[in-house]
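Enquirer: Quick one: sequence and predicted model below, then my questions.
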Amino acid sequence: MDKKSLLQWQMDAGVDEAVGEEPVNHFSIPSPSEGECQGGGQPSSKPHPLPPPSRGGSNSKPLHHSPSAAAAIARQAADGCETLAKLEAAVRGFDGCAIKKTASKTVFADGNPKCTVMVIGEAPGAQEDVQGIPFCGPSGKLLDAMFATIGLTRPENLYISNTVFWRPPGNRQPTPEETAACLPFVEKHIALIAPKLLVLSGGTATTTLLNKDISISKLRGKTYDYTNPYLASPVPVMVTYHPSYLLRSPGQKRLAWADMLMVKDFLSQNQ
């Protein structure tokens with residue numbers, strides 16, 4: 001395969017930026033560790049290379065968990081997190097979501113944990129992967145502007161996270177397996193923050209947390225009750241369009257503005 005064809009193949013696979021000076025095959029299968037028996041039943045006398053480190057966090061191990069096993073491991077880890085700091089540490093140490101291997105940073109959250117409104121979006125994008133902060137690119141600027149119009153800002157009363165904590169290759173949508181692996185952490189995250197109102201931004205967050213595979217256009221404009229195993233009582237939920245969608249479809253901003261007015265009205269009635 002010539003260099004041009006190889007580059008095109010990489011682009012088709014979702015590669016859109018270089019994250020290191022030297023190429024690293026993160027999907028190589030490590031050799032058996034020294035002393036393990038090979039085909040002939042005798043220990044190998046040759047030294048074996050260590051597996052390549054994950055780019056998403058420290059002390060990482062190879063990702064070989066099945067989707068169900070990964071979700072079970074995440075659930076067990078989330079069960080033991082009684083503080084936000086412990087939850088963040090558990091997320092950063094979690095190796096059950098394959099997209100962590102191709103991400104540069106773990107993107108946990110941003111804003112004020114003592115918030116009024118918690119926003120859950122889809123997944124980190126390119127800028128978020130570089131900076132390690134959710135909603136910090138163009139869509140983040142729009143999100144901030146939307147909530148600022150009703151008096152909500154990250155430093156004061158807004159807290160933001162996503163359904164997954166690592167950027168999917170090529171900014172694609174997270175798969176159901178990836179959101180399922182992260183779901184226990186997201187559920188515990190919501191319980192620890194305990195917002196007055198939860199706002200789900202976009203279809204991925206809505207489908208994952210409300211378990212409603214219905215378009216945003218049919219779900220917006222209403223308030224729902226959200227619960228999970230960690231919540232003592234339901235949390236009110238509203239849904240709205242993701243800012244990245246609004247950037248592509250500016251004609252829908254009027255509906256997003258109506259959603260913001262609905263959020264403002266809800267908060268004024270539930271102070």
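Expert: Right, received. Where do you want to start?
Enquirer: Surely Gly203 touches Lys212?
Expert: No - assessed by Cβ atoms under 8 Å, Gly203 is found out of contact with Lys212, at 9.8 Å. C-beta coordinates here come from the backbone N, C-alpha and C atoms, glycine included.
Enquirer: These two: who's more crowded?
Expert: Taking other Cβ atoms under 10 Å, Gly203 and Lys212 do not tie; Gly203 has more neighbours (20 against 15).
Enquirer: so what's the residue lying closest to that one once chain neighbours are set aside up against?
Expert: Spatial nearest neighbour of Gly203, excluding adjacent residues (Cβ to Cβ, 6 or more residues apart in numbering): Ile216 at 5.9 Å. Contact analysis of Ile216 by Cβ atoms under 8 Å, 6 or more residues apart in numbering lists Gly202, Gly203, Thr206, Val239, Thr240, Tyr241.
Enquirer: could you measure the residue nearest the centre of the chain against Thr175, distance?
Expert: Nearest residue to the geometric centre of the chain (Cα atoms, centre = their mean): Val164, 1.9 Å. From Val164 across to Thr175, the span is 9 Å (Cβ to Cβ, to the nearest Å).
Enquirer: Lys114 now?
Expert: According to Cβ to Cβ, Lys114 and Thr175 sit 33 Å apart.
Enquirer: How about Gly221?
Expert: Separation of Gly221 from Thr175 (Cβ to Cβ) stands at 29 Å.
Enquirer: Tell me where the protein is predicted with low confidence.
Expert: Applying pLDDT under 70 to the chain flags the ranges 1-65.
Enquirer: And the helices in the stretch 101-250 of the chain, which stretches?
Expert: Counting by DSSP state H, counting those that start in this stretch, the stretch 101-250 of the chain has these helices, from start to end: 126-131, 138-148, 176-193, 203-210, 216-219, 243-248.
Enquirer: what would those look like in CSV with distance to Pro155?
Expert: CSV is the format used below for the helices of the stretch 101-250 of the chain (distance: least, Cβ to Cβ, whole Å):
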stretch, distance to Pro155
helix 126-131, 17
helix 138-148, 11
helix 176-193, 16
helix 203-210, 23
helix 216-219, 28
helix 243-248, 19
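Enquirer: just so I know, which of the ones you listed lies nearest Asp259?
Expert: Minimum separation from Asp259 across the helices of the stretch 101-250 of the chain (Cβ to Cβ) falls at helix 138-148, 8.5 Å.
Enquirer: could you turn that closest one into CSV, dropping everything but the C-alphas?
Expert: Extracted in CSV, the C-alpha atoms of helix 138-148 (Å, rounded to 0.1, in the frame of the first residue of the first chain):
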residue,chain,number,x,y,z
PRO,A,138,-17.3,26.0,19.5
SER,A,139,-20.3,24.0,20.8
GLY,A,140,-19.2,24.8,24.4
LYS,A,141,-19.1,28.5,23.7
LEU,A,142,-22.7,28.2,22.4
LEU,A,143,-23.8,26.2,25.4
ASP,A,144,-22.3,28.8,27.7
ALA,A,145,-24.1,31.6,25.8
MET,A,146,-27.4,29.8,25.9
PHE,A,147,-27.4,29.3,29.7
ALA,A,148,-25.9,32.7,30.4
